[in-house]
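Asks: A structural model of the following input is requested.
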Amino acid sequence: MKAYIAGRITGDPDYKRKFDHAKACLEAEGFVVLNPAELPEGMRHSDYMRICMAMMDTADVVAFLPGYTQSKGARLAWAYCQYVSKTTMYLEQMSFYKNAEV
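Replies: Okay, here's the model as predicted:
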């Protein structure tokens with residue numbers, strides 16, 4: 001299964017560590033991970049969102065990081081998932097994420 005990670009990037013200086021941790025936890029569970037934090041820097045926000053929407057469409061599940069509601073883009077991802085009935089998971093509720101070493 002493919003999982004896309006959704007969470008706050010803009011304005012979070014620690015986003016790479018958080019996304020890397022989520023990626024490692026998901027991979028340990030057997031997911032192929034689509035990680036927007038691995039996209040190259042320097043594009044417009046709208047460019048990132050177009051790429052991320054395609055990544056979400058490709059994914060079987062969208063995994064939301066704790067604090068995703070702090071992100072305009074992640075809130076848009078959540079609304080999109082609700083609209084198209086995409087399967088979601090909230091990592092803060094998943095034992096494989098909560099119990100993993102940071």
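Asks: Show me which helix or strand of this structure is least confident by mean pLDDT.
Replies: The least trusted helix or strand in the chain, going by mean pLDDT, DSSP states H and E, turns out to be helix 95-98, with a mean of 88.
Asks: Report the contact partners of the closest residue to E92 other than its chain neighbours.
Replies: Counting by Cβ to Cβ, 6 or more residues apart in numbering, E92 lies nearest to P66, which is 4.2 Å off, once chain neighbours are set aside. All C-beta spots, glycine's among them, are computed from the backbone N, C-alpha and C. Applying Cβ atoms under 8 Å, 6 or more residues apart in numbering, one finds that P66 lies in contact with 7, 91-92.
Asks: Just the C-alpha atoms of stretch 6-26, please, in PDB.
Replies: Only the C-alpha atoms of stretch 6-26 are listed here, as PDB (Å, rounded to 0.1, in the frame of the first residue of the first chain):
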ATOM      1  CA  ALA A   6       0.300  15.300   5.200                       C
ATOM      2  CA  GLY A   7       1.500  17.800   7.700                       C
ATOM      3  CA  ARG A   8       2.800  21.300   8.300                       C
ATOM      4  CA  ILE A   9       6.000  22.200   6.400                       C
ATOM      5  CA  THR A  10       5.800  26.000   6.000                       C
ATOM      6  CA  GLY A  11       6.800  27.700   9.200                       C
ATOM      7  CA  ASP A  12       8.000  24.600  11.000                       C
ATOM      8  CA  PRO A  13      11.800  24.500  11.200                       C
ATOM      9  CA  ASP A  14      11.700  20.900  12.400                       C
ATOM     10  CA  TYR A  15       9.400  19.600   9.600                       C
ATOM     11  CA  LYS A  16      12.100  17.300   8.000                       C
ATOM     12  CA  ARG A  17      12.700  15.400  11.200                       C
ATOM     13  CA  LYS A  18       8.900  14.900  11.700                       C
ATOM     14  CA  PHE A  19       8.300  13.800   8.200                       C
ATOM     15  CA  ASP A  20      11.400  11.500   8.200                       C
ATOM     16  CA  HIS A  21      10.100   9.900  11.500                       C
ATOM     17  CA  ALA A  22       6.700   9.300  10.000                       C
ATOM     18  CA  LYS A  23       8.200   7.900   6.800                       C
ATOM     19  CA  ALA A  24      10.300   5.400   8.900                       C
ATOM     20  CA  CYS A  25       7.300   4.300  10.900                       C
ATOM     21  CA  LEU A  26       5.100   3.800   7.800                       C
END
